[in-house]
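*Asks:* The following comprises the amino acid sequence and a computationally predicted model.
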Amino acid sequence: MRIFCALILLIALVVPAGAQRLVSTLSNQTVAISSSFDGETLTMFGNVEPAEETPLAAPQGPYEVVILVTGPLTDRVARRKTRQFGIWINTEQVLFERFPSYFHVLASRPLAEITTPATLAAEGILPEVQAERAARTDWWSATIYARELVRLMTERRYFGVEEPGVRFLSTTAYSAQLTLPHDVPNGAFLATTLVFSDGEIVARRAERFNVRKVGFERFLGNAAVQYPLFYGVFCVFLALFTGWLGGVVFKR
Amino acid sequence: MNLFFLVGIGGAVGFLSGLFGVGGGFLLTPLLIFTGVPAPVAVASVTGQVVAASTSGALSYYRRGQIDLHLALYLVLSGVLGAFGGVATFSMLRAAGQLDLVISLGFLVILGLVGTMMMIESVRAMFKRRAGVVARERLPHQHNWIHGLPWRIRFKKSKLYISVIPVLVLGLCIGFIGSLLGIGGGFILVPALVYLLRVPGNVVIGTSLLQVVAMMAATLILHAVQSQSVDILLAFCLMVGGVIGAQFGASAGQYLRGEQLRAMLAALVLAVAIRFGLSLVLAPADPWSMAVVGAGGVM
């Protein structure tokens, strides 16, 4: 018995701090946007398990969980209006390359209590950090424009930080709910889950899910982008037909 | 956007367009912009509504033989050329972030000028009517400097023998402005045909309508291909509302006198122009804005 305890102690000492395993899943792999879509709630579950090398070492809490949900990347500009010759004109703009069109942070506690600002910045956990990284300008403008872009994105509910957004069901099991707005961007999403213990990341896991239009909406969206000429010609015929029909029906 | 709201707004503008005998694009595009539709989408989608609104009119004028096809051909060809320029400018301005500004300025200038001129003309007509003076219209055969230009062509139906230069320039300008601002331009084209080219009254409206249909159809395709900002559902809601509303507007218009109608339309046009002016001058609620400029690739 003493030898066994010593063995466990030895393993516990040898295995580094970042050695827990995370199992997690999402309620939907695909979010379908139909014509009546007005948002959807996604549930994420997970459990902190012992690392594979040490299957007998029960995970030692307490843990904190942070989930980053990132939407498809786009190139985006933020613009600022200033007054020139008495009228308000967009005078400056900053380009943000490969900037997420959706970014939500769900945390089990306020982020400041989970880890250090340095870790938050290094892992890209804060929306402002995402924006500053994507900005293609000098440091000073990047800071200002990143803050304003994050504000605009947050107002439209594309960006957000929910603390607490993750709920622990036991010391190791958690669940989190994410509400996607009605105008959620289409494309591949990435949900990255980070498990913290004493401010250090001890496990991480990434999962993909897709948001895409279905049915008629998808057909129209595809047609407009892939067959723009056909789409345009069809619009013209629709307009001519509607106008002609109106004339016939009302005998003008 | 709510479906009923869009059909409603299309119906309301259709009513006005039937009432005043105008295409309605110059009211519909501003209204959509004011209610929060992005300016590029509003401009491109209203183009479809303008086609629908002008089709039945153009057809009935065609059946009555009140279209100068020869003149319309020159106007349409130059109009489509102008639309190419307009849509290219549209895309350039959009990329530079100045499209909203140019649309606001364009509407302010055009609606301001047209509204003021219409207001002066209709108020004058009202005073004359009250004073019992019979207004004498200038005859279409009176000449001005435009008739001295070279490359003259005979337009039989319009009984005109004029240079093609003013015709082509007119088409080019209407095509450019119309595709940039999402308006048919009938309210500029008709006075220009009457006062500058002296096109007789019986073929003016029909020829102008045909030009609007053909030019805006070309613009619609160009917008769909180049800027991809045509929203077919939005356009269809506006078409349906517009076509129905126009019928009621046309019958309501018969109970009002011409100069009263023109004064009301002028007041409406000026109100829209002032609204654009204010949006340029007053401090915006949020000086910051954002726009997607391209796909960022895969994660």
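*Replies:* Thanks, I have it.

*Asks:* Name the residues linked to the closest residue to residue A:69 other than its chain neighbours by a beta bridge.
*Replies:* Using C-beta to C-beta, 6 or more residues apart in numbering or on different chains and skipping the chain neighbours, the partner closest in space to residue A:69 is residue A:104 (4.6 Å). In short, each C-beta sits where N, CA and C put it, glycine included. Beta bridges link residue A:104 to residue A:69, residue A:160 when assigned by DSSP bridges.

*Asks:* Just list the residues touching residue A:104, thanks.
*Replies:* Residue A:104 makes contacts with A:68-69, A:159-162, A:165, A:178, as judged by C-beta atoms under 8 Å, 6 or more residues apart in numbering or on different chains.

*Asks:* of those, closest to residue A:83?
*Replies:* Top of the list for closeness to residue A:83, among these and by C-beta to C-beta, is residue A:159 at 28.5 Å.

*Asks:* Please name the nearest non-neighbouring residue to the closest one.
*Replies:* Taking C-beta to C-beta, 6+ apart, and ignoring the residues beside it in sequence, residue A:159 has residue A:153 as its nearest neighbour in space, at 3.9 Å.

*Asks:* who are the neighbours in contact with the one you found?
*Replies:* Residues counted as contacts of residue A:153 (C-beta under 8 Å, 6+ apart) are A:103, A:127, A:159, B:290.

*Asks:* Would you convert those residues into a markdown table that also reports distance to residue B:18, neighbour count and pLDDT?
*Replies:* As requested, those are exported to a markdown table (distance: C-beta to C-beta, whole Å; neighbours: other C-beta atoms under 10 Å in any protein chain shown; pLDDT from 0 to 100):
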| residue | distance to residue B:18 | neighbour count | pLDDT |
| --- | --- | --- | --- |
| A:103 | 48 | 22 | 93 |
| A:127 | 50 | 24 | 87 |
| A:159 | 46 | 23 | 92 |
| B:290 | 39 | 20 | 85 |
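
*Asks:* in what helix or strand does the residue nearest to residue A:159 lie?
*Replies:* Using DSSP states H and E, residue A:153 falls within helix A:139-155.

*Asks:* What of residue B:167?
*Replies:* For residue B:167, the host element (DSSP H and E) is helix B:164-181.

*Asks:* I'd like to check the angle between the host helix or strand of residue B:104 and helix B:164-181, please.
*Replies:* Secondary structure here is read from DSSP H and E; on that basis residue B:104 sits in helix B:99-131. For helix B:99-131 and helix B:164-181, the angle between their directions (axes from the mean of the first three to the mean of the last three C-alpha atoms, to 10 degrees) works out to 120 degrees.

*Asks:* Which stretches in chain B count as helices?
*Replies:* Assigned by DSSP state H, the helices in chain B fall at B:3-20, B:25-34, B:39-63, B:69-96, B:99-131, B:164-181, B:186-191, B:201-226, B:232-253, B:258-281.

*Asks:* any weak-confidence spans in chain B?
*Replies:* Segments of chain B classed as low confidence (criterion: pLDDT under 70) are B:1, B:21, B:23, B:132-149, B:296-299.

*Asks:* Please read the previous query as pertaining to the stretch 1-150 of chain A.
*Replies:* Where the stretch 1-150 of chain A drops into low confidence, which here means pLDDT under 70, it does so at A:1-19, A:54-58, A:61.

*Asks:* on that earlier part again, pick the one among the contacts of residue A:153 closest to residue A:121.
*Replies:* Proximity of the contacts of residue A:153 to residue A:121 (C-beta to C-beta) peaks at residue A:127, which lies at 11.9 Å.

*Asks:* That closest one contacts residue A:105, doesn't it?
*Replies:* Yes - with contacts defined as C-beta atoms under 8 Å, residue A:127 counts as touching residue A:105 at a distance of 7.2 Å.

*Asks:* Find the residues that touch each one of those two.
*Replies:* When contacts are counted by C-beta under 8 Å, 6+ apart, residue A:127 and residue A:105 are jointly contacted by A:160-161.

*Asks:* hmm, back to that, just the buried residues of the helix holding residue B:104, please?
*Replies:* By neighbour count with 16 or more other C-beta atoms under 10 Å in any protein chain shown, helix B:99-131 contains the buried residues B:99-105, B:107-108, B:110-112, B:114-115, B:118-119, B:122, B:125.

*Asks:* what subset of those is also close to chain A?
*Replies:* Near chain A, judged by C-beta under 8 Å from any C-beta of the partner chain, the entries from the buried residues of helix B:99-131 are B:100-101.

*Asks:* At the contact with chain A, which residues of the stretch 1-150 of chain B appear?
*Replies:* Taking C-beta under 8 Å from any C-beta, the part of the stretch 1-150 of chain B that reaches chain A is made up of B:48-49, B:51-57, B:59-60, B:97-98, B:100-101.

*Asks:* among the residues you listed, which two are most distant?
*Replies:* Pairwise distances among the residues of the stretch 1-150 of chain B next to chain A were taken by C-beta to C-beta; the largest, 43.2 Å, belongs to B:60 and B:97.

*Asks:* Which residues are in contact with residue B:207?
*Replies:* The neighbours of residue B:207, taking C-beta under 8 Å, 6+ apart as the test, are B:67-68, B:71-72, B:75, B:158, B:193, B:199.

*Asks:* Quick one: these as a markdown table, columns for distance to residue A:34 and neighbour count too.
*Replies:* Putting the contacts of residue B:207 into a markdown table (distance: C-beta to C-beta, whole Å; neighbours: other C-beta atoms under 10 Å in any protein chain shown) gives the following:
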| residue | distance to residue A:34 | neighbour count |
| --- | --- | --- |
| B:67 | 45 | 23 |
| B:68 | 50 | 25 |
| B:71 | 49 | 28 |
| B:72 | 44 | 25 |
| B:75 | 44 | 27 |
| B:158 | 53 | 21 |
| B:193 | 49 | 25 |
| B:199 | 52 | 25 |
